[in-house]
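> only geometry, no sequence info:
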């Protein structure tokens, strides 16, 4: 069956450090992978889209990698700040829809 | 959230009652979606619509119904057949119909059963 797995444990890091989140998938062959940010009680907000032929994509302090051989995407937040505290969701394109992982909650300590 | 409104923010349902969640958008997007979010789980697709007067079931459509009579509006009715409706409901839109399209989400409606 199809499965999307993100870090099951919440991530607690010190301000200024790099947070690395993992998104692993099985039985998908996505041409695209997206990352969203969700704050408590609010809807997700789109951050980045990476295509299967792009190994890496950057946006300000965010970096995403996509390894179709490993069936994995890594999401990095560099020079993290308390304002980066949120839940981060990965989403894969499937047959007719986007499928979302359960998310990883990141808390950045000042 | 901008451009997508969901109301109400909180909704209480009594046993046997149907309730309707509103979703309105002014982004002129073709596609609209309804998701359900439960703690510790990913978003699950209930229904989606790629064009006015047409919609398709998602993964968990049982106990729900929708309509798409206008491009701007995609209301979701939670019927009494949905036995476990307590969840956070999110409406989303995308400009086009492809799965590579970015989705834009509304602020959500939290449904609670009395």
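Arrived safely. All values derive from a computational prediction rather than experimental measurement. Numbers count the residues shown, from 1 in each chain, chains lettered A, B, ... in the order given.

> which ones are touching residue A:55?
A:65-67 (CB atoms under 8 Å, 6 or more residues apart in numbering or on different chains). Backbone N, C-alpha and C define where each C-beta goes, glycine included.

> most neighbours among these, please name it.
Using other CB atoms under 10 Å in any protein chain shown as the neighbour test, the contacts of residue A:55 are led by residue A:66, with 22 neighbours.

> show me the contacts for that residue.
With CB under 8 Å, 6+ apart, residue A:66 has these contacts: A:33, A:50-52, A:54-57, A:73.

> most neighbours of all those, which one?
residue A:33 leads the contacts of residue A:66 on contacts (other CB under 10 Å) with 29 neighbours.

> what strand or helix carries that residue?
If you go by DSSP states H and E, residue A:33 is part of strand A:32-38.

> next SSE after that strand?
Next along from strand A:32-38, by DSSP H and E: strand A:45-51.

> could you count how many residues lie near whichever residue of chain A sits closest to chain B?
Across chain A, the shortest distance to chain B (CB to the nearest CB) belongs to residue A:43, at 3.1 Å. Neighbour count of residue A:43, defined by other CB under 10 Å: 23.

> leaving out chain neighbours, which residue sits closest to it?
residue B:105 (3.1 Å; CB to CB, 6 or more residues apart in numbering or on different chains).

> tally of neighbours for the residue of chain B found nearest chain A?
Closest contact between chain B and chain A, by CB to the nearest CB, is at residue B:105 (3.1 Å). Using other CB under 10 Å, the number of residues around residue B:105 comes to 22.

> repeat that for residue A:71.
With other CB under 10 Å as criterion, residue A:71 counts 16.

> next, it: phi, psi?
Residue A:71 adopts backbone torsions of phi 60, psi 60, taken as degrees, to the nearest 10.

> give the other helices and strands that the helix or strand harbouring residue A:24 contacts.
Counting by DSSP H and E, the element that carries residue A:24 is strand A:19-26. Under the contact definition 3 or more CB pairs under 8 Å, 6 or more residues apart in numbering or on different chains; DSSP states H and E, strand A:19-26 sits against strand A:3-6, strand A:11-14, strand A:72-77, strand A:86-93, strand A:104-109.

> could you redo the last one with a cut-off of 10 Å?
strand A:3-6, strand A:11-14, strand A:32-38, strand A:62-67, strand A:72-77, strand A:86-93, strand A:104-109 (3 or more CB pairs under 10 Å, 6 or more residues apart in numbering or on different chains; DSSP states H and E).
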